[in-house]
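Student: turn this into a model:
(2 chains)
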Amino acid sequence: MPQKVVTRFAPSPTGLLHGGNYRTAVFAYLFARKMQGEFIVRIEDTDKERSKPEYEDNIHETLSWLALLPERNYRQSGNAVRHREQLEQLIKSGAAFVSQETEGERKEVIRFKNPKTTITFTDAIRGEITFNTSDLGDFVIARSLDEPVFHFAVVVDDYDEGVTHVIRGEDHISNTPRQILIQQALGYETPIYAHLPLVLGPDRAKLSKRRGAKALTQYRNEGYVAEAMINYLALLGWHPEGNKELFTMDELVGEFTLERIQKGAGIFDEEKLRWFNHEHLKRMTDDAYASRVRDFAKKDIDPRIVPLLKERAATLQEAADMLDTEFGFLQGVSCEPALLTNKGKIAPAVASKHLNALAELLHDTPNEGLTSQGYKDLIWPYATAEGRGDVLWPLRTALSGRERSPDPFTILTLVGKDEALARIARAAQSL
RNA sequence: GGCCCUAUCGUCUAACGGUUAGGACGCCGGCUUUUCAAGCCGUUAAUCCGGGUUCGAUUCCCGGUAGGGUCACCA
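Tutor: Numbering: from 1, shown residues only, chains lettered A, B, ... in the order given. Have a look, this model is predicted:
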């Protein structure tokens, strides 16, 4: 029976993580699930100066938002006993030594004795990569027996946690040879490496907080949904066979392969993310959609407008905003003459004449109301005869009180005949 | 600078020696239209350059160029 696949996401909690960071998590998660293995998360907090609990919390929060749930959770600082033990062993075996320093912050650090050899490993995405380790020198693996440095701690942790596939960013390629050196000195098997292409910002530079890359949680705050974010991230640097682009998490798991990961870097494109978001929003059931908007906007939402909202809003934020703008007419209207006349383009007398005529037309309709199409059938002949712009603009603004809104027929079905008549009368009066 | 990685429309990408180089986002145009959206249709747009290999290169090899990564007592 083949060894069970274990992948890991190993971020350091030294800041808010961006899309590039989480794309790594997406790939590691997808691959683990595809192989029916385990996905684990390890918080690399060996840098005690810069690691902050709030960043760690943010990582877990984001991961659970994205539904990238790990089988196991670790914190690197929790493995201190093993680190010390393995460090001592390395020193005892002569593979590492305590070095007296003339520069730097400490008098003594622990260095790895570089065997000055050639390391070749097969990257699952790029193929064979060869390094000569000579120019690495005797690199530092710990500040002291109890303060291991990244290169050393990752090696021990990955081994102890049974990690079989190290899926990480391309920026780690040049770290790989020294990690392999440590593995060899410790007698560990080298895992399979898969170095992902970098995610770049619009400026073509590596995505970074300094350059304005957003924390992923910010997208959530801006009304992006996890389904869309996962879908977008998965397709940034990877592509399944065929032209399909919209996927659920389970579909992605089914299609995922390391072989189809891109080698070249990709740019994070918010426009495309927005499109994915809208598509995923549109695919939700009305109930699911309503509850998302309700949770996001912290407001109740009229179930009747859900289909309209779905069509118009690309993000939950936009939907929430429309509750007050495009759909604000549900709460009532106050109408300005300037709006009713489209800033004077329609003569007030003409507008009020049409409004009164429309009121008469509506008056004779059944009280239970018509469908949107029904109202259109009722009004259309009159509007066409009198000039659609002159008739429909005053009608729509009288009913909506807004420059932008759904069409008047739709509004009619939503506010009902009586309320509509009241609004029309009030508008006509104001002219 | 040394070492390493990479290179198809503006962007994300398909092609695994033979295609009019396909799709998607965006852009632009049209249709629809009372507004704003949405929707539908359409247009524009790419194999970095130079050598090989081959009957035939986006595809394989070499070189160049460009971009990126990395050279910490950060991860």
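Student: got a list of what the residue of the stretch 1-150 of chain A found nearest RNA strand B touches?
Tutor: Taking Cβ to the nearest atom of the strand as the measure, the stretch 1-150 of chain A has residue A:104 as its residue closest to RNA strand B, at 2.2 Å. Glycine gets a C-beta too; all of them are placed from N, C-alpha and C. Taking Cβ atoms under 8 Å, 6 or more residues apart in numbering, we find residue A:104 in contact with no residue.
Student: quick one, grab the pLDDT at it.
Tutor: Per-residue pLDDT puts residue A:104 at 78.
Student: helix, strand or coil: sort out it for me.
Tutor: coil (DSSP: H, G, I helix; E, B strand; the rest coil).
Student: and the one 10 residues further on, by the same measure?
Tutor: In terms of secondary structure, residue A:114 is coil; the call rests on three-state DSSP.
Student: return the backbone torsion pair for the closest residue to it other than its chain neighbours.
Tutor: Counting by Cβ to Cβ, 6 or more residues apart in numbering, residue A:138 is the residue found nearest to residue A:114 once chain neighbours are left out, at 5.1 Å. Torsion angles at residue A:138 (phi, psi; degrees, to the nearest 10) stand at phi -90, psi 90.
Student: residue A:138 and residue A:99 touch, don't they?
Tutor: Yes: the pair residue A:138 / residue A:99 is scored as a contact, 7.1 Å apart, by Cβ atoms under 8 Å.
Student: give me the common contacts of these two.
Tutor: When contacts are counted by Cβ under 8 Å, 6+ apart, residue A:138 and residue A:99 are jointly contacted by residue A:111.
Student: tell me how far residue A:189 lies from RNA strand B.
Tutor: According to Cβ to the nearest atom of the strand, to the nearest Å, residue A:189 stands 21 Å off from RNA strand B.
Student: now do residue A:366
Tutor: 21 Å.
Student: quickly find the element holding that residue.
Tutor: Using DSSP states H and E, residue A:366 sits within no helix or strand.
Student: could you dump stretch A:130-146 to CSV, C-alpha only?
Tutor: C-alpha atoms of stretch A:130-146 as CSV (Å, rounded to 0.1, in the frame of the first residue of the first chain):
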residue,chain,number,x,y,z
THR,A,130,20.5,21.0,-9.4
PHE,A,131,22.5,23.1,-7.0
ASN,A,132,26.0,23.2,-5.9
THR,A,133,25.9,23.8,-2.2
SER,A,134,29.4,25.3,-1.9
ASP,A,135,28.2,28.9,-2.1
LEU,A,136,25.8,28.3,0.8
GLY,A,137,28.7,28.1,3.2
ASP,A,138,28.2,26.8,6.7
PHE,A,139,24.8,28.2,7.1
VAL,A,140,23.1,29.0,10.4
ILE,A,141,20.5,26.5,11.6
ALA,A,142,19.9,27.8,15.1
ARG,A,143,20.5,30.9,17.1
SER,A,144,20.9,28.6,20.1
LEU,A,145,19.9,25.1,21.2
ASP,A,146,16.4,26.3,21.9
